[in-house]
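When you get a sec, could you give me coordinates for this:
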Amino acid sequence: MPAAQTSVAPVAESIISESMASASRDDPKPVASNGSTNIEAKVIDTGNERIIVKAPRGKQKGHKHVQNQIAKNPNVTATNDIWPRPYYFEDGLRRVKPYFFTYNTYCKQRWRKRELLDIFTSEFRDRPPAYYKSAIEKGMVQVNGNPVTPQYLVQNGDLISHTIHRHEPPVTSEPIRVLHEDDSMMVVVKPAGVPVHPAGRYMYNSVVEILKSDRNDPDFHPRPCHRLDRLTSGIMFFAKTQKAAEELSVQISARTVRKEYIARVIGRFPDGEVVCDQPILQISPKLGLNRVRANGKTARTVFKRLAYYGPETDLDNGPLKEPVAGDAGIDTNVDSLPWMRKQGYSIVRCLPVTGRTHQIRVHLQFQGHPIENDPIYANQKVWGADLGSGDIDGSKQSDADVMTRLQRMGREDAADAVAYHDEMLENYEKRRAEKLSGETCDQCGTELFTDPGDQELSVWLHSLRYADAGGAWGYTTPLPKWALPPDGIEGPTEVGGLEELVKPLEGLPSIE
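Residues are numbered from 1 along each chain as shown. Here you go, the predicted model:
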């Protein structure tokens, strides 16, 4: 598995704090930030307020071509970070103060000789057309640093800038715990609900940026060495050097690193060790959706039940067991739904031998025991009555039906909110966790969301252990709270050794 790299996105970005915007109303003259004489600023009048856009003089970091265009057009805003990061903590959540942010991108070939408004409304559907028309007319969208009309025909070589007031979703206030650190590597425990990299609506509320802030070092650049989904918690490795990242990547690719996860699944998982060798296919590259398919990539996961807790202890999964009404073709009779008849839940140990995207989630779904609070793979509205259990050829629920339902949920679950993107899975999970509050931002008019609940910030899947197959090193975490026995009920509070999961692999043919 190639090491993931922390890199500057192929756009230059400008960020301005609210304190600077407030200062501009009191003093319209250009100002410098943090006492620096190396920063120059200008004021943009949006009609409702004046915004200070700051740009460092001299050499800039970022996309080379964008920076060349910035050099030619002094009115184009360049990259500049807010430091220290604008975090604050409230109600158990890490929050980011809203800030202004400018995206800069070159004209793509398919945009040539098209009207600017048409490009935004057809390709950037996270906001309604009326917003983009207003933004262009107010100068929040510019071309080569100059205001234009919505009917402007975009030309080859144009640099398009879009300044927005950015509202990041809150994440848990749980700290990122460091298990080990040396000169080349950090081993940390990622909280659930926090993305690893800046992506989508998340920038400062990401593991990479939080680690920088915790160090109080803007030049610290931790390199994630493997993937971990936003909703998943647990162990992650961050290299401090490129060499260290490459070395661990080689070990992971060669499968000399063993990984154990813990999951909480619907129903009573079978006794003993279960080896799932079902291949996994990405049925939609656009949606990033995966399921078991005979023509998919080889995949292998070993499962072993750690504990089972019956229905009298199953206090947390009510919402997932309610039938979904009003959807044609979806059975809403509770007595007829096999997945709804599975009472209680199991805590299951998981050893992924291969590393396919969503592998554990997909294999558990295929076994008929999806992760209990999985917003995608345990969702009847997407997969139908039996949640895709044992459906190796799509005869129960076709790929087209599954994708259509997922897309429809992306549009309907948060009506009049942020419209769905290509990143449908991330968007759906976000919308499940957030609902409109009925309030709007007094600076930009953006509709605001309520805070997500604790269970809506995570999926019950935790990266529990990483260990060198030769025994040279190993790291483990305690069981997460949701995997511990309920109050007053006896059950395991720790797992056994990895050999219990590795032994079932003896004698099996190797897998690519």
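
care to break this structure down by domain?
12-166, 257-413+454-465+473-505 (automatic domain parsing).

what helices or strands is the helix or strand containing V402 leaning on?
Assigned by DSSP states H and E, V402 belongs to helix 399-412. Applying 3 or more CB pairs under 8 Å, 6 or more residues apart in numbering; DSSP states H and E, one finds that helix 399-412 contacts strand 280-284, strand 289-292, helix 380-383, helix 424-433. C-betas here are computed from N, CA, C, even on glycine.

Just want the angle from that helix to strand 280-284.
60 degrees (axes from the mean of the first three to the mean of the last three CA atoms, to 10 degrees).

sorry, back to before: mean pLDDT lowest where, among the domains of the chain?
Comparing mean pLDDT over those, the weakest stretch is domain 12-166, at a mean of 68.

Next one: the closest residue to A469 other than its chain neighbours from Y466, what distance?
Nearest residue to A469 in three dimensions, chain neighbours excluded: T256, at 4.7 Å (CB to CB, 6 or more residues apart in numbering). Computed as CB to CB, to the nearest Å, the T256 to Y466 distance reads 11 Å.

Who has more neighbours out of those two?
Set side by side, T256 and Y466 show more neighbours around Y466, with 23 against 12, by other CB atoms under 10 Å.

tell me the contacts of the more buried one?
V187, I235, F237, V257, R258, K259, E260, G474, Y475, T476 (CB atoms under 8 Å, 6 or more residues apart in numbering).

out of those residues, which one sits closest to N104?
Taking CB to CB as the measure, N104 lies nearest F237 of the contacts of Y466, at 32.7 Å.

show me what contacts that closest one?
Contacts of F237 (CB under 8 Å, 6+ apart): M185, M186, V187, P224, C225, H226, L248, Y466.

so which strand or helix has the second one?
So the one you mean is M186. strand 185-190.

how about that strand as PDB, C-alpha atoms only?
The C-alpha trace of strand 185-190 is given here as PDB (Å, rounded to 0.1, in the frame of the first residue of the first chain):
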ATOM      1  CA  MET A 185       7.400   7.800  13.500                       C
ATOM      2  CA  MET A 186       4.300   8.600  15.600                       C
ATOM      3  CA  VAL A 187       1.700   6.000  16.600                       C
ATOM      4  CA  VAL A 188      -1.600   7.700  17.600                       C
ATOM      5  CA  VAL A 189      -5.200   6.800  18.400                       C
ATOM      6  CA  LYS A 190      -7.500   8.600  16.000                       C
END
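
who's in contact with it?
176-181, 196, 207, 211, 222, 228, 232-240, 244, 248, 463, 466, 475, 477.

Now a PyMOL select for only the buried ones of those residues.
Burial among these is assessed by 16 or more other CB atoms under 10 Å; the matching PyMOL selection reads:
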select buried, resi 176+196+207+211+222+228+232+233+234+235+236+237+238+239+240+244+248+463+466+475+477
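
I'd assumed L211 was in a helix, is it?
Yes: counting by DSSP: H, G, I helix; E, B strand; the rest coil, L211 is part of a helix.

ok, it to K190 distance?
Taking CB to CB, one finds L211 at 10 Å from K190.

got it, and H369?
The spacing between H369 and K190, counted by CB to CB, is 25 Å.

residues contacting the residue nearest to A469?
Contacts for T256 (CB under 8 Å, 6+ apart) come out as D468, A469, G470.

what do you get for T298?
The neighbours of T298, taking CB under 8 Å, 6+ apart as the test, are D277, P279, T354, I511, E512.

Pick out whichever of these sits closest to D271.
Proximity of the contacts of T298 to D271 (CB to CB) peaks at D277, which lies at 19.3 Å.

and the nearest residue to the closest one once chain neighbours are set aside, how many neighbours?
Spatial nearest neighbour of D277, excluding adjacent residues (CB to CB, 6+ apart): R300 at 5.2 Å. By the criterion of other CB under 10 Å, R300 has 20 neighbours.

now the one 4 residues further on
K304 has 21 neighbours, counted by other CB under 10 Å.

What ranges does the protein have for its helices?
Using DSSP state H, the helices assigned to the chain run over residues 18-26, 64-72, 116-123, 129-138, 207-215, 242-253, 318-321, 359-366, 380-383, 399-412, 424-433, 499-502.

so the fifth one versus strand 185-190, what angle?
By that I understand helix 207-215. 110 degrees.

Quick check: closest non-adjacent residue to W83.
Once flanking residues are discounted, W83 sits nearest to P218: 5.3 Å by CB to CB, 6+ apart.

Quick check, pLDDT for that neighbour.
pLDDT, read off for P218, is 92.

Can you give me the distance of it to Y308?
49 Å.

and these two? which has more neighbours close in?
Y308 (17 against 13).

Spit out the contact partners of the more buried one.
R268, F269, G344, Y345, S346, I347.

please redo it, this time with the cut-off set to 10 Å
V265, G267, R268, F269, D271, G344, Y345, S346, I347, V348, G491 (CB atoms under 10 Å, 6 or more residues apart in numbering).

Distance check, the last one against K481.
This points to G491. 13 Å.

Between the two, tell me which one has more neighbours.
Neighbour count, other CB under 10 Å: between G491 and K481, G491 has more, with 14 against 7.

Assess the claim that the more buried one and Y345 are in contact.
No: in this structure, G491 is not within contact of Y345 by CB atoms under 10 Å, at 11.5 Å.

Reformat the contacts of T256 as a markdown table; add pLDDT, distance to I283 and neighbour count.
Shown next, in a markdown table, are these (pLDDT from 0 to 100; distance: CB to CB, whole Å; neighbours: other CB atoms under 10 Å):
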| residue | pLDDT | distance to I283 | neighbour count |
| --- | --- | --- | --- |
| D468 | 94 | 35 | 13 |
| A469 | 92 | 32 | 14 |
| G470 | 91 | 37 | 7 |
